[in-house]
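1. Just the structure for this:
(chains A and B, ligands or ions: 2)
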Amino acid sequence: MNKILKIVNLKKNFGAITASNDINFCLETGEIHALIGPNGAGKSTLIKQIMGEIKQDSGEIVLSGINISNFKTEDRIHLGFARSFQITDVILDFTILQNVLLAKIGKQKKYYNFYSSIESSEFSSEEIKSILLKIDLWDKKETPASLLSHGERRQLEIGIALALDPQLILLDEPMAGLSLDKIEKMKFIFNQIKNEVPILLIEHNMDVVFSIANRISVLVNGKIIASGTSSEIKTNLDVRKAYLGTA
Amino acid sequence: MISEKKISYISLIGIFFIAIFSEYFDEPYLITLLSRIIIFSIAAIGLNLVLGFGNLVSFGHAAFFGLGGYVSGILAIHAFNSELLISWPFLFSGSNNSIIIWLFTILFCSLLALLVGAFSLRTSGVYFIMITLAFAQMLYYFAISWPSYGGEDGFSIYVRSTLFGINTMKGLNFFFICFFWLLIILFITGKVVNSPFGLALRATRLNLTRVKSVGINPFRIQLMAFVLSGAITGIAGSLYVDLNRFVSPSLLSWQMSGEFIVFILIGGLGRIYGPLIGAAFFVAFEQFFGSYTEHWQIFLGIIIISTVLFAKGGIIGFILEYKKNE
Ligand SMILES: Nc1ncnc2c1ncn2[C@@H]1O[C@H](COP(=O)(O)OP(=O)(O)OP(=O)(O)O)[C@@H](O)[C@H]1O
Ligand SMILES: [Mg+2]
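-> Ligands and ions are numbered 1, 2, ... in the order given. Down below sits the predicted model:
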């Protein structure tokens, strides 16, 4: 397996709160790596640091051998990072297609193109179609995001991330608040994607985590207390004590 | 079915034929009025690019209108008097060639917009409004206290600039030039708004974090839009000075900036043809009620308040809504 993303001795404090306490972690090709942990453990903060939205106090973030610890978010996105937000953040006045196109335009640096129509073939490519099919929103592509259900917006977020043609995807609780059949749909989507793009998945639903994650890391109070396969984590005593609540 | 497109074409064709008929029935005043409508709408189309599509409430677009006016006026008056404008690095005594005047206008207004944008776009909301206003006011007071070019009184340029030997002093010919500019500007803004750049610009209006998270720097997008916007409004200023053959600091006044915003609100915010409809309505309204009472702006105020309260899409939005319910 190939380590795409490596995090080395990452530390971050907010005043007295330790959000990242010497985190070491890696994401490998072809995997869904779940990051679990109680509320306030520092999961979202880790994603923000990986994206460069907030700066680590110390430590390194390395993408395919390049130390990107001091890169701006914009540059990281162009290198291949994509994320979804804990609180859905699609552009409500835009259609599904426009939301995905915007990401495509951003990634391909086409945003200084003043003359082509976004309806032209250049932009309604097969690639966009395959993304929309993957997230199962092709039939609704002209629907404004404001008219979508919560679950569909979550799917759209995945589509936006895919349109960035990423090396890896960071998903911050993409299934929060979804119905059971929507969760099944998401699981299906993730399993499809992971072979092309590895996924770091923050998720609270243990059934989901155990059923689709190839590896799991457990974050408690900013510290990774365990890392391993589903069965390893299920049987890990520390995890059961700290997180699953049983010993 | 009535669509936005149809309303737009009808108004364009309407204006064109009213001008032709005015010539036929020998009503030069009406032609001047139509030219004014067109020039005002070009100015507001420029503003609409940032205000309507980028949600950047510039309250200082008179700066570009006025700068365009002064650049054109100064070039023209020097050419008229054969008076040197600069003596280094080469001798240059202005120009009365429209093409040259427009190029200078675009250059200067783009540079000013780059400067104003670079400062003001670092802020947002009320601060953005205040900074853009402050820049325009600075230029206004500068113009007032600049005796070489008339100070408070402004100056006359006597003749219009020339274009391919057309007799521009003839009202209808000048109208055609303005009309042609309007078509160009409508074409450009239509293109830009539907381009990848336009999509990014519209996105900055709606959701900045999302724009950043797809690798787009919103500041640069907004700055580009601001420059384009300033250049377009500058062209309008240039045409306006040529129309009146008169340059005055009032071109730079905050009332002017305010009127541009009003055209957009009345016509329809964020609609390509909104400013045209708004400016036409405004000028017609001013003519009609202005001939009854000098307090016509009270009625205008009522109209503005009602559009903002009851017809957010302006006149265009209102017509579309009304037709839909029929
Ligand atoms: N910008 C900030 N300033 C100060 N404290 C912060 C900031 N962001 C996060 N924190 C704190 O850091 C800790 C980790 O927060 P984080 O959002 O990363 O948790 P999380 O694991 O994502 O939790 P949840 O499961 O609730 O989403 C929390 O105690 C939070 O209050
Ligand atoms: Mg979180």
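2. show me where the stretch 51-200 of chain B has helices.
-> Ranges of helices in the stretch 51-200 of chain B, per DSSP state H, counting those that start in this stretch, are B:62-81, B:98-120, B:125-144, B:171-193, B:196-206.
3. no wait, chain A
-> Remark: helices assigned in chain A by DSSP state H are A:43-51, A:73-79, A:96-107, A:126-134, A:150-163, A:180-193, A:206-212, A:230-235, A:237-239.
4. Go ahead and confirm residue B:104 touches residue B:73.
-> No. Using C-beta atoms under 8 Å, residue B:104 is not in contact with residue B:73; the gap is 11.3 Å. Using the backbone N, CA and C atoms, a C-beta is placed for each residue, glycine as well.
5. Have a look at those two and say which one is more surrounded.
-> Neighbour count, other C-beta atoms under 10 Å in any protein chain shown: between residue B:104 and residue B:73, residue B:73 has more, with 28 against 19.
6. The residue nearest to the more buried one when sequence neighbours are not counted: neighbouring residues, count only.
-> Excluding the flanking residues, the one nearest residue B:73 by C-beta to C-beta, 6 or more residues apart in numbering or on different chains is residue B:247, at 3.5 Å. For residue B:247, the count of nearby residues is 28 (other C-beta under 10 Å).
7. For beta bridges, what are the partners of residue B:247?
-> residue B:155 (DSSP bridges).
8. That one touches residue B:69, doesn't it?
-> Yes. Contact status for residue B:247 versus residue B:69: in contact at 5.5 Å, counting by C-beta under 8 Å.
9. Any regions of chain A where pLDDT drops low?
-> Confidence mapping of chain A against pLDDT under 70 gives the ranges A:1, A:121-124, A:239, A:242-247.
10. returning to that earlier point: what is in contact with residue B:247 and residue B:69 at once?
-> Listed as contacting both residue B:247 and residue B:69 by C-beta atoms under 8 Å, 6 or more residues apart in numbering or on different chains are residue B:241.
11. Let me see the contact set for residue A:43.
-> Counted by C-beta under 8 Å, 6+ apart, residue A:43 has contacts A:35, A:36, A:37, A:172, A:202, A:219.
12. about what we covered before: for the helices of chain A, give me a markdown table that also has distance to residue A:5.
-> As requested, those are exported to a markdown table (distance: least, C-beta to C-beta, whole Å):
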| stretch | distance to residue A:5 |
| --- | --- |
| helix A:43-51 | 7 |
| helix A:73-79 | 11 |
| helix A:96-107 | 18 |
| helix A:126-134 | 22 |
| helix A:150-163 | 15 |
| helix A:180-193 | 16 |
| helix A:206-212 | 19 |
| helix A:230-235 | 20 |
| helix A:237-239 | 23 |
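13. Out of these, which one sits most buried?
-> Greatest average neighbour count among these goes to helix A:96-107 (a mean of 25), per mean count of other C-beta atoms under 10 Å in any protein chain shown.
14. Show me where the stretch 201-326 of chain B dips below the pLDDT cut-off.
-> Using pLDDT under 70, the stretch 201-326 of chain B drops low at B:326.
15. same thing but 90
-> By pLDDT under 90, the low-scoring segments of the stretch 201-326 of chain B are B:204-218, B:242, B:245-246, B:262, B:265-274, B:277-278, B:280-326.
16. Tell me which stretches of it form helices.
-> Using DSSP H, counting those that start in this stretch, helices in the stretch 201-326 of chain B cover B:208-213, B:218-244, B:254-267, B:274-290, B:296-310, B:314-325.
17. pLDDT at the residue nearest to residue B:283 when sequence neighbours are not counted, what is it?
-> Leaving aside its chain neighbours, residue B:283 sits nearest to residue B:37 (4.9 Å; criterion: C-beta to C-beta, 6+ apart). According to the prediction, residue B:37 has pLDDT 93.
18. Check residue B:84 too.
-> For residue B:84, pLDDT reads 69.
19. I'd like to know how far residue B:19 sits from ligand 1.
-> From residue B:19 across to ligand 1, the span is 61 Å (C-beta to the nearest ligand atom, to the nearest Å).
20. How about residue B:290?
-> Applying C-beta to the nearest ligand atom to residue B:290 and ligand 1 gives a distance of 57 Å.
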